[in-house]
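A.B. asks: here are the coordinates; sequence isn't available:
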């Protein structure tokens, strides 16, 4: 029986690199895997998943996966979804249908919480229904486990604003809860 997997972590925990490595592992043994991401994540183009360490591969949008026929989806040995936090509840439910009714494993990667430490809708649904849930860890500048995705600008930590603002190291840093609360994005501030 296929399962729905959710691998989550703070920014910098190699979620996208893991998604790309999972895809590579399937392809290396002659199996067919499909990479996809929600349409809102168009930072590197509509048809590519790109990791911060430079790995990348062609992908499709999650919205296009949903339009595929059962037979098309079943032609894959695995569906891999990056940035699943941006998926809607309905999209996550569809991913679970792929595992439950099409018997194709679905492996999802994403953030658990936003810059205010509130769950993303896609992550909340994944936490509620995924068969397997695992944390991918990274560290704060102090060496403790980082759990907070902290948005910042030239004035320091940003505490208010829209939930989704796409960005990377230029606008986000992973911090431990203590330094998130203190607003300390690095040792010297």
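C.D. replies: On my side now, so go ahead. For clarity, every value in this text was computed on a predicted model and none was experimentally measured. Numbers count the residues shown, from 1 in each chain.
A.B. asks: Report the contact partners of residue 102.
C.D. replies: 2, 70, 73-74 (CB atoms under 8 Å, 6 or more residues apart in numbering). In this view, the C-beta of every residue, glycine as well, is placed from N, C-alpha and C.
A.B. asks: Among these, which ones are in helices?
C.D. replies: Assigned to helices by DSSP state H, the following of the contacts of residue 102 qualify: 70, 73-74.
A.B. asks: Let me know the closest of the residues you listed to residue 122.
C.D. replies: residue 73 (19.0 Å; CB to CB).
A.B. asks: For the closest one, give me its contacts.
C.D. replies: 65, 79, 98, 102, 104.
A.B. asks: ok, now residue 177?
C.D. replies: 147-148.
A.B. asks: From residue 142, how far off is it?
C.D. replies: 11 Å (CB to CB, to the nearest Å).
A.B. asks: cool, residue 182 as well?
C.D. replies: According to CB to CB, residue 182 stands 11 Å off from residue 142.
A.B. asks: for residue 157, same thing?
C.D. replies: Taken as CB to CB, the span from residue 157 to residue 142 is 15 Å.
A.B. asks: pLDDT (mean, whole number) over stretch 136-143?
C.D. replies: What stretch 136-143 shows for mean pLDDT is 94.
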